[in-house]
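J.: Give me coordinates for this.
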Amino acid sequence: MRRDVIVFDIETVVDADAARRLLHLPELTDSEARDALSDYFLEKTDGRNDFPRQPFHQIVAISYGHLIREPGEQGQELIIRQLASGGTKESSEKDLLDGFLQLIETRAPQLVSFNGRGFDVPVLKYRAMAHDLSCPRWFSEGDKWNNYDTRYSPTYHCDLLEVLSDFGASARCSMDEVAAALNLPGKLDTSGGEVREMFESGQIEAIRNYCETDVLSTMLIFLRHQLFSGALSTGAYQRASLGIRHYLEGECGERPHLNEYLQAWPE
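T.: From the prediction side, this is the model:
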């Protein structure tokens with residue numbers, strides 16, 4: 001298994017420039033272009049779905065939790081190093097992407113996501129190409145059976161939505177649903193449907209904070225799965241959970257959203 005584990009999530013809005021180019025309507029405002037693209041996909045799917053395809057999502061936040069695997073007396077231990085969002089609230093999409101891809105290039109970590117294969121990773125790839133970025137290690141790391149693009153191996157990318165649904169054999173539950181079933185915090189006061197309004201009103205820091213809490217929920221579900229699968233012993237799982245709790249306690253003075261999450265996390 002990889003020593004570095006990066007649990008990640010992204011938040012996006014419709015790329016208004018790409019929408020204007022696709023629709024050949026250069027006169028539209030950003031808001032009008034986003035509405036028009038939703039109408040385009042609604043028509044394209046005969047009224048079934050207005051959600052834009054992955055290439056048209058502009059990334060406005062990339063958040064991640066960095067865990068380290070260390071050997072212990074009962075097998076491996078997982079230790080939290082950092083919970084953060086890439087760049088700053090002023091960072092461009094290109095800078096956010098470049099920073100995240102550098103994590104791949106320098107550490108080749110195991111990625112952990114919730115629906116990362118269906119949404120986050122395709123968006124990251126399309127948007128990296130849109131900005132002329134490169135990530136050779138994504139394609140060179142591993143072997144035929146274990147690499148970043150291998151669907152059924154979690155060695156380099158563990159998509160919890162895929163793993164928990166047995167790759168579609170059972171129902172695909174949302175992260176919020178899984179968190180509720182496992183008595184873990186899920187969504188707090190924000191949902192993904194509010195990100196566009198927050199972005200258009202300049203609330204970038206709030207989006208970044210929301211993205212970080214989604215990363216935390218993904219991380220806690222991942223730990224629970226590691227316990228269930230035997231990758232973590234009971235003691236190691238308890239120590240990892242306690243380590244995250246202590247990390248949040250140390251950070252919540254300057255990051256109130258982490259205190260809110262901590263209060264929602266049952267002892």
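J.: Contacts only, for R208.
T.: R208 sits next to 11, 61, 63, 85, 89 when contact means Cβ atoms under 8 Å, 6 or more residues apart in numbering. Bear in mind the C-beta positions are built from the backbone N, C-alpha and C, glycine included.
J.: Show the model's pLDDT score for the fourth one.
T.: Read that as S85. We have a pLDDT of 98 for S85.
J.: For it, what are phi and psi?
T.: S85 has phi and psi values of phi -120, psi 140 when expressed as degrees, to the nearest 10.
J.: For it, give the beta-bridge partners.
T.: Beta-bridge partners for S85, by DSSP bridges, are S63.
J.: export the contacts of R208 to CSV and tack on neighbour count and distance to V5?
T.: What follows is the contacts of R208, written out as CSV (neighbours: other Cβ atoms under 10 Å; distance: Cβ to Cβ, whole Å):
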residue, neighbour count, distance to V5
E11, 25, 21
A61, 27, 20
S63, 25, 15
S85, 23, 17
K89, 14, 26
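J.: Throw these into a markdown table and include distance to P154, thanks.
T.: Formatted as a markdown table, these follow (distance: Cβ to Cβ, whole Å):
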| residue | distance to P154 |
| --- | --- |
| E11 | 24 |
| A61 | 25 |
| S63 | 21 |
| S85 | 24 |
| K89 | 32 |
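J.: from the residues you listed, which is closest to F41?
T.: Nearest to F41, judged by Cβ to Cβ, of those is E11 at 19.2 Å.
J.: Just say helix, strand or coil for the closest residue to that closest one other than its chain neighbours.
T.: Excluding the flanking residues, the one nearest E11 by Cβ to Cβ, 6 or more residues apart in numbering is A61, at 4.2 Å. At A61 the chain is in strand, as set by DSSP: H, G, I helix; E, B strand; the rest coil.
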